[in-house]
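# give me a 3D structure for the following:
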Amino acid sequence: MIESYIKEHKQEIIKKTQELVQIPSIISPSNNPYYPFGKAIHNALVYTLNLGESLGFRTKNVDGYCGYIEFGEGKELIGIIGHLDVVPEGKNWTYPPFAGHIVNNKIYGRGAIDDKGPVISSLYAMKAVMETCKIHKRVRLILGLNEENDWKCIQYYKAHEESPTVGFSPDADFPCIYAEKSVFTFYLKMDYSNFLQEDIIINDICTFDNAINVVPKICSTTLKINPSKIAMQDFIQNLRCIIEETNFEIDIYKIDEENIKLTSHGIQSHSAHPDLGVNSISRLIIVLSKIFKLYNLNIELFDFFEKYINTQYNGENLGIAFEDESGKLTLNVGDFSLKNNFIQIGLNLRVPITQNGIEIGNNFIKYTSPYLNVDFDIESYKPSLYISKDNKLVKTLCNVYNEEMSSNMEPIAIGGATFARAFDNCISFGPNFPDDIDMCHKTDEFIDIDKLLLSCKLYAKAILALDKI
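All right, here's what the predicted structure looks like:
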């Protein structure tokens, strides 16, 4: 009966996914207490709560920080924890990132797979269960609004609302996730004001609003040179030689006899998988370091970066390379900026579950300490998630997947950080299937319609299975 319901409502599920994707729910500054993460994210919340109400569910807007959609009775609560915010769209999409175009049976758009499509499939899974089955627990779809940033939404939820007894987050991979690496975000900063009278000056840096948890696709900087000391033609030729030696894709634009623009190109991907992308920021910093040194200017921050970080993804040069059952330590350079005469580089690390994040921080302090003008500032640290493969929740969700797919898959570990780690007895479950290309945070993000509907069926069966444990 669940399958029949989903099949009958296929077009509605597709349409509602498109409509939710069409809301550009990127976080923005806001002083309005009704929408602390910006009007667009608020619009996505209102849309989803209204949809839930129209389907016959109980709904609540939790002071603009989050919301939930619920049905059922009973003391115990099954939680499904998703999010409606998205990372910035990035550049050079084939289809408009907030149009929800359907091409080749795929819905394209920022948030299609992360996490709007899964939110809609979870909502209709709840509806299918409510309409066709009798369960003994309540089921609540929790709607986070700034998962891509600092999780204030889920912190607010936990302070004001009931936590699930058991649950899952539709924000990772099938068959299910038993371990998630810890996430460590910090900044390296340097006062640049002492260099403003030099013969080469950085005027600005632009990363096009790249999120710290995204491998940046494009980054640019504008340099000003002193034409009485440096010939523009020679400077450009030296830059070309450095770029050719490094084999980086960096364009040079001469603005006038004093100003030049460099634009570095990469490939966007999730920071949990930096090896699947090409980091435009890393490449630009290395070229800047080399060109400054060629003219006898040592920018300590760049020197540190070139020596210890470079284009590595695993922190080997910093003495923090590590691997366990959850995978390797990975490092993404997600931010590069010049503000108020301070240059900063933002790094996002995914740390294996048996590695201590404090020790990694101490290692960075150790390696940066000889650089007197380089400061190390921690922004956030999210502890890892680990639940034994033998845990009842893990086995239950893995069995749901294997029975439906006639497979024998084992639970897996990931580098991504989902809302599952915010609650006890919760893990991630879908929506990516084995061998899928992970389109989270990538240009031309999409969700396959057949898999959107299949995940809906899996979520419905997961609800029924969790009702019995």
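# who touches stretch 44-56?
Outside stretch 44-56, the residues that touch it by Cβ atoms under 8 Å, 6 or more residues apart in numbering are 16, 19-20, 23, 25, 59-61, 64, 66-67, 69, 71, 84-85, 116, 119, 123, 127, 130, 141, 143, 145. Yep, even glycine has a C-beta here, placed from its N, CA and C like the rest.
# could I have the buried ones of the residues you listed as ChimeraX selection syntax?
Entered in ChimeraX, the line below selects the buried ones among the contacts of stretch 44-56, by 16 or more other Cβ atoms under 10 Å:
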select :16,20,23,25,59,64,66,67,69,71,84,85,116,119,123,127,130,141,143,145
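# Ser455 - that's part of a helix, no?
Yes. According to DSSP: H, G, I helix; E, B strand; the rest coil, Ser455 belongs to a helix.
# thought it was touching Phe168?
No. The pair Ser455 / Phe168 is not scored as a contact, 11.6 Å apart, by Cβ atoms under 8 Å.
# past the helix or strand of the chain with the lowest mean pLDDT, which element shows up next along the chain?
Lowest on mean pLDDT, DSSP states H and E among the helices and strands of the chain sits helix 357-368, with a mean of 88. Downstream of helix 357-368, the next assigned helix or strand under DSSP states H and E is strand 374-382.
# what comes up buried for that following strand?
Across strand 374-382, burial judged by 16+ other Cβ under 10 Å covers Val374, Phe376, Tyr381, Lys382.
# can I get these in JSON lines with pLDDT?
Formatted as JSON lines, the buried residues of strand 374-382 follow (pLDDT from 0 to 100):
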{"residue": "Val374", "pLDDT": "95"}
{"residue": "Phe376", "pLDDT": "90"}
{"residue": "Tyr381", "pLDDT": "90"}
{"residue": "Lys382", "pLDDT": "89"}
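# in what helix or strand does Glu70 lie?
For Glu70, the element it lies in under DSSP H and E is strand 66-71.
# and the contacts of that strand?
With Cβ under 8 Å, 6+ apart as the test, strand 66-71 has contacts from 45, 48-49, 52, 56-62, 123, 126, 130, 138-145, 153-154, 156-157, 161.
# what sits against Ser25?
Contacts for Ser25 (Cβ under 8 Å, 6+ apart) come out as Ala40, Ile41, Asn43, Ala44, Leu84, Asp85, Val86, Gly111, Leu145.
# and which of those residues is nearest Ile252?
Distance ranking of these against Ile252, using Cβ to Cβ, places Val86 first at 32.9 Å.
# is the closest one bridged to anything, and to what?
Note on Val86: beta-bridge partners Ile26, judged by DSSP bridges.
# hang on, isn't it packed against Arg110?
Yes. Counting by Cβ under 8 Å, Val86 touches Arg110, with 4.8 Å between them.
# and for the two, which residues touch both?
Shared contacts of Val86 and Arg110, counting by Cβ under 8 Å, 6+ apart, come down to Pro24.
# all strands for the stretch 351-469 of the chain, in order.
In the stretch 351-469 of the chain, strands defined by DSSP state E, counting those that start in this stretch lie at 374-382, 385-386, 412-414, 426-428, 431-432, 446-448, listed in chain order.
# need the contact partners of the longest one.
Strand 374-382 is contacted from outside by 150-151, 182-190, 300-301, 304, 346, 357, 361, 364-365, 368, 417, 421, using Cβ under 8 Å, 6+ apart.
# now, of those residues, which are buried?
Burial by neighbour count, judged by 16+ other Cβ under 10 Å, picks out 151, 182-190, 301, 304, 346, 357, 361, 364, 368, 417, 421 from these.
# filter those down to just the ones in helices.
Among the buried ones among the contacts of strand 374-382, the residues falling in helices (DSSP state H) are Leu301, Phe304, Gly357, Gly361, Phe364, Thr368.
# as CSV, these with distance to Cys176 would be great.
Compiled in CSV, these are given as follows (distance: Cβ to Cβ, whole Å):
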residue, distance to Cys176
Leu301, 42
Phe304, 40
Gly357, 25
Gly361, 31
Phe364, 33
Thr368, 39
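# which one of those residues is nearest Leu318?
Closest approach between those and Leu318, by Cβ to Cβ: Phe364, at 6.9 Å.
# if I read this right, that closest one contacts Gly319, doesn't it?
No. Judged on Cβ under 8 Å, Phe364 makes no contact with Gly319 at a distance of 9.9 Å.
# so where do the helices sit in this protein?
Going by DSSP H, the chain shows helices at 2-8, 10-21, 39-54, 117-132, 152-160, 232-246, 280-294, 300-304, 357-368, 392-405, 449-466.
# which one of those helices lies closest to Lys75?
Nearest of the helices of the chain (Cβ to Cβ): helix 449-466, 14.4 Å.
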